[in-house]
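Colleague: What follows is a predicted protein model with its sequence.
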Amino acid sequence: MTQIAFTWIGHATFLFEFDDKKVLLDPYITGNPSATVKPEDLSPDLIVVSHGHGDHIGDVVSIANRTGAKVITNVEIARWFGKNGLKEGLAVGTNTGGTYDAGFVKVKFTIAFHSSTMPDGASGGFPQGYILTAPDQRKIYFAGDTALFGDMRLYGEEGLAAALIPIGDHFTMGIDDSVRATIFLQPKVVVPMHYNTFPPIKQDGAAWAERIKTETQATPVVLKPGERYVLAE
Ligand code: NI
Ligand code: MN
């Protein structure tokens with residue numbers, strides 16, 4: 001088995017570990033009121049970006065240029081990073097439905113219902129989520145910023161060890177729809193994200209966890225920013 005662990009940096013930023021390899025999702029650390037680490041504390045082997053909003057891409061260029069980590073994202077955002085300071089050769093453009101195989105993890109890009117404009121107003125293509133597949137074939141779904149959608153059932157059919165879903169409301173689905181999403185996804189473990197960073201997305205994590213326990217089969221895992229969780233085998 002692969003040892004799979006993840007740390008919630010805060011907001012939608014997670015640092016995943018697959019044995020000794022690290023993947024950073026949607027790095028937003030500088031200016032993130034809930035982050036307890038600094039960008040220079042992180043040395044990922046790979047960075048993955050779901051969409052073009054500032055609260056998902058803020059620290060991509062500085063971390064990638066320092067570490068040489070490849071940045072996997074959609075083609076529009078990959079091209080934008082190339083024009084906005086990312087070292088040549090680090091951006092890898094993909095698109096929805098496609099899979100990038102990094103060896104220690106496979107990243108499949110899933111649909112998400114949201115927007116994806118870059119900070120300067122350029123088009124960031126379509127927003128995405130990911131399914132991460134570990135070498136032992138366990139799968140983790142990261143929904144990205146999204147509304148509820150019925151095709152989450154299709155991702156659930158893949159058999160998910162964990163799902164990371166937004167609950168903040170206002171910019172993404174809120175608590176009611178996150179409970180329905182959990183029923184569609186049928187993950188063993190469900191982790192809330194994209195909440196409590198700013199006033200419009202304030203939510204009660206404990207109340208959410210109670211609803212997940214009573215209304216779904218999944219185990220809720222509410223992390224504090226900076227907290228690391230090891231996925232049971
Ligand atoms: Ni967004
Ligand atoms: Mn966001």
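Modeller: Everything's here; your move. Here the structure is a predicted model, which is why all the values come from computation and not from measurement. Ligands and ions are numbered 1, 2, ... in the order given.

Colleague: Can you pull the residues of the protein lying near ligand 1?
Modeller: When proximity is defined by Cβ under 5 Å from the ion, the chain lies next to ligand 1 at His53, Asp145. Any C-beta I mention is one placed from the backbone N, CA and C, and that applies to glycine too.

Colleague: show me where the chain has helices.
Modeller: For the chain, the helices defined by DSSP state H occupy 54-57, 60-67, 75-83, 152-156, 175-185, 205-215.

Colleague: Summarise which helices and strands the fourth one is packed against.
Modeller: Spelled out, it's helix 152-156. Secondary-structure packing of helix 152-156 (3 or more Cβ pairs under 8 Å, 6 or more residues apart in numbering; DSSP states H and E): helix 175-185.

Colleague: cool, the second one as well?
Modeller: Other helices and strands packing on helix 60-67, by 3+ Cβ pairs under 8 Å, 6+ apart, are strand 46-48, strand 70-74.

Colleague: And the contacts of the longest one?
Modeller: Strand 70-74 is contacted by residues 46-51, 60, 64, 78, 81, 86, 90-96, 100, 102, 107, 109, 116, 124-126, 128 when judged by Cβ atoms under 8 Å, 6 or more residues apart in numbering.

Colleague: in that strand, what counts as buried?
Modeller: Of the residues in strand 70-74, those buried under the neighbour-count criterion (16 or more other Cβ atoms under 10 Å) are Lys70, Val71, Ile72, Thr73, Asn74.

Colleague: Of the helices of the chain, give the one that comes closest to ligand 2.
Modeller: Ligand 2 lies closest to helix 54-57 among these, at 4.4 Å (Cβ to the ion).

Colleague: so how far is the closest one off the chain centroid?
Modeller: 11 Å (Cα atoms, centre = their mean, to the nearest Å).

Colleague: How about stretch 49-66?
Modeller: Mean C-alpha position of stretch 49-66 versus that of the full chain (Cα atoms, centre = their mean) differs by 12 Å.

Colleague: same question, stretch 86-103
Modeller: Put simply, stretch 86-103 sits 15 Å off its chain's centre (Cα atoms, centre = their mean).

Colleague: now stretch 78-95
Modeller: Relative to its chain's centre, stretch 78-95 lies at 19 Å (Cα atoms, centre = their mean).

Colleague: Now do the buried residues in it.
Modeller: By neighbour count with 16+ other Cβ under 10 Å, stretch 78-95 contains the buried residues Ala78, Arg79, Trp80, Phe81, Gly82, Leu86, Leu90, Ala91, Val92, Gly93, Thr94.

Colleague: what ranges do the strands span in the protein?
Modeller: Secondary structure of the chain, counting by DSSP state E: strands at 4-10, 13-18, 21-25, 46-48, 70-74, 91-94, 99-101, 106-111, 128-133, 139-142, 162-166, 189-193, 219-220, 228-230.

Colleague: Check the gap between Asp151 and ligand 2 for me.
Modeller: Going from Asp151 to ligand 2 by Cβ to the ion, to the nearest Å gives 21 Å.

Colleague: same check, this time on Phe171
Modeller: 6 Å.
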